[in-house]
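Visitor: Got a predicted structure plus its sequence, pasted below:
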Amino acid sequence: MSIKLTDEQLMIQTMVRDFAREVIAPTAAERDKTKEFPAENLKQLGELGFMGMMVPPEYNGSGADTISYVLALSEVAYACASTAVVMSVHNSIVCESILRYGTEDQKQRFLKPLATGEIIGAFALTEPNAGSDPVRQTTKAVRDGDSYILNGTKRFITTGKNAGVIIVTVKTDEAKRHKGISAFLVKKDTPGLSVGPLEDKMGLRGSDTVDLLFEDCRVSAKDMLGEEGEGFKIAMTGLDGGRIGIAAQSVGVAQAAFDAAVQYAKEREQFGQSISRFQGLRWIIADMAVEIEAARQLMMSASAMKDRGENYTAQASMAKLFSSEMVNRVTAKALQIHGGYGYIKEYPVERYYRDARVFTIYEGTSEIQRIVISNHVFR
Ligand code: CAA
């Protein structure tokens, strides 16, 4: 890796790598089968300081930088992509948004328990008819005294069932475009909030994805995050960080698929020798190694820019676009190298292939990343 890591970054990486490979990885295949939420793993990640990684110690966080965070997230994704997506949305979008826009009272009430992993956070932007174009969302919040009344449906919400608090974006002013969108912190069990059935997904099956239904759901005005009309900016800023997280997930899953493919190639013999001796296969492995390293460098450079306080929107989109497309190519090649064994569940590679498929879709499709990048080029 060209960037020299600090002792602290290396220590964090080693610690999470050991934990992820010893504790999280052994149950990943079972979770994929049963769709069981990795509650215990997340609790332990919280105890180790990985659920409030970039939150300062005064709010119970670890005060780590983004580079440490992406290293940790990649290691968790290497072991179990379902656990990693929960950790990613929680740290990158939920904790960071409250840290950035929350009042002191909100930080005390929400950020502190989030940062220890006592509760897990979710982010609800998407709706049945507003995915890539979230400005067209229709969930409404109408002021009523000291509260707002929320009505509408949010769709495909990661951790929607298991979260203790959800950042929900809503329209507070129909007449204004993105400036008519606000964000609220909504607690689980708030009357009027109900959770739809679990989606039966192709991959990331241990992470719950659900609809959230708001029916006359009353939320205190003091739980508005940021100012009225700031919801879209909060979401976009959160997604900048989130997209680096998806790059980290992609790098982790790709590395796992790569290591599995190399191991298999060394062991498998055909035509009287290890298949790793065939040049056709060695070139595929070389290309995979280059792609993973390129993605890792993009992830690291976007993280370093964020840590330096620079505008990193385009870099985050580049890292997300390249890494998520890369992991789809790499897992497909890893599966091919496994031959028939790649297609059966006894080997982990088919799970990597399925888990990776959504990375080019969520937190902004590849097409949306190209819009963000080209807008920066032509601005
Ligand atoms: N940071 C801060 N502000 C930003 C911003 C950013 N990255 N991007 C846009 N904005 C601001 C703009 O400055 C502008 O504000 P002003 O008017 O004050 O200048 C405002 O937002 C509107 O900007 P645009 O006109 O560019 O907005 P748009 O409607 O054209 O949309 C878009 C831009 C990039 C296409 C955006 O809609 C987008 O990112 N779409 C994809 C949505 C998405 O990623 N959804 C994922 C769902 S969440 C998820 O998947 C999580 C999970 O569970 C895993």
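Guide: Ah, there it is.
Visitor: how about stretch 273-290: buried residues?
Guide: Buried residues in stretch 273-290, defined by neighbour count with 16 or more other Cβ atoms under 10 Å: 275, 276, 281, 284, 285, 288. Every residue, glycine included, has its C-beta placed from N, CA and C.
Visitor: Let me fix that, I meant to ask about stretch 225-241.
Guide: Buried residues in stretch 225-241, counted by 16+ other Cβ under 10 Å: 225-226, 228, 230-235, 237-241.
Visitor: And the ligand, is the host helix or strand of residue 315 touching that?
Guide: According to DSSP states H and E, residue 315 maps onto helix 313-337. Yes - against the ligand, helix 313-337 shows contacts by Cβ under 6 Å from any ligand atom at residue 313.
Visitor: Buried residues in the longest helix along the chain, which are they?
Guide: Ranked by residue count, the top helix of the chain under DSSP state H comes out as helix 231-267. Residues of helix 231-267 classed as buried: 231-235, 237-258, 260-262, 264-265 (neighbour count, 16+ other Cβ under 10 Å).
Visitor: ok, and of these, which contact the ligand?
Guide: With the criterion set as Cβ under 6 Å from any ligand atom, the members of the buried residues of helix 231-267 near the ligand are 232, 233, 237, 239, 240.
Visitor: Which members of those are the farthest-apart pair?
Guide: Spatial extent of these (Cβ to Cβ) is set by the pair 232 and 240 at 13.0 Å.
Visitor: hang on, the earlier thing: between the buried residues of stretch 225-241, which sits nearest residue 20?
Guide: The closest of the buried residues of stretch 225-241 to residue 20 turns out to be residue 241 (Cβ to Cβ; 21.1 Å).
Visitor: For the residue nearest to the closest one when sequence neighbours are not counted, give me its contacts.
Guide: Distance criterion Cβ to Cβ, 6 or more residues apart in numbering; nearest residue to residue 241, sequence neighbours excluded, is residue 92 at 4.2 Å. Going by Cβ atoms under 8 Å, 6 or more residues apart in numbering, residue 92 touches 69, 238, 241, 242, 244, 245.
Visitor: Skip the chain neighbours and tell me the closest residue to the last one.
Guide: Translated: residue 245. residue 88 (3.8 Å).
Visitor: cool, and residue 258?
Guide: In space, residue 258 is closest to residue 288, 5.4 Å off (Cβ to Cβ, 6+ apart).
Visitor: Over to residue 351?
Guide: Looking at residue 351 with Cβ to Cβ, 6+ apart, the closest residue is residue 32, at 5.3 Å.
Visitor: who's in contact with the one you found?
Guide: Per Cβ under 8 Å, 6+ apart, neighbours of residue 32: 82, 203, 205, 206, 351.
Visitor: Repeat that for residue 24.
Guide: 38, 41, 76, 79, 80, 83.
Visitor: can you rerun that using 7 Å?
Guide: 41, 76, 79, 80, 83 (Cβ atoms under 7 Å, 6 or more residues apart in numbering).
Visitor: for the ligand, what are the nearby residues on the stretch 251-379 of the chain?
Guide: Residues of the stretch 251-379 of the chain lying near the ligand (Cβ under 6 Å from any ligand atom): 313, 362, 363, 364, 368, 371, 372.
Visitor: Are we agreed that the second one is in a strand?
Guide: No - with DSSP: H, G, I helix; E, B strand; the rest coil as the criterion, residue 362 is coil rather than part of a strand.
Visitor: Look up phi and psi at it.
Guide: Taking degrees, to the nearest 10, you get phi -80, psi 160 for the backbone angles of residue 362.
Visitor: For residue 88, see how far away it is.
Guide: As defined by Cβ to Cβ, to the nearest Å, residue 362 lies at a distance of 10 Å from residue 88.
Visitor: Equivalent analysis for the third one, please.
Guide: As judged by Cβ to Cβ, residue 363 and residue 88 stand 9 Å apart.
Visitor: Quick check: neighbours shared by the two?
Guide: 242, 246.
Visitor: ok, back up a step: quick check: mean pLDDT across the helix holding residue 315?
Guide: For helix 313-337, mean pLDDT is 99.
Visitor: For that helix, which helices and strands make contact with it?
Guide: helix 231-267, helix 279-307, helix 349-356, helix 366-378 (3 or more Cβ pairs under 7 Å, 6 or more residues apart in numbering; DSSP states H and E).
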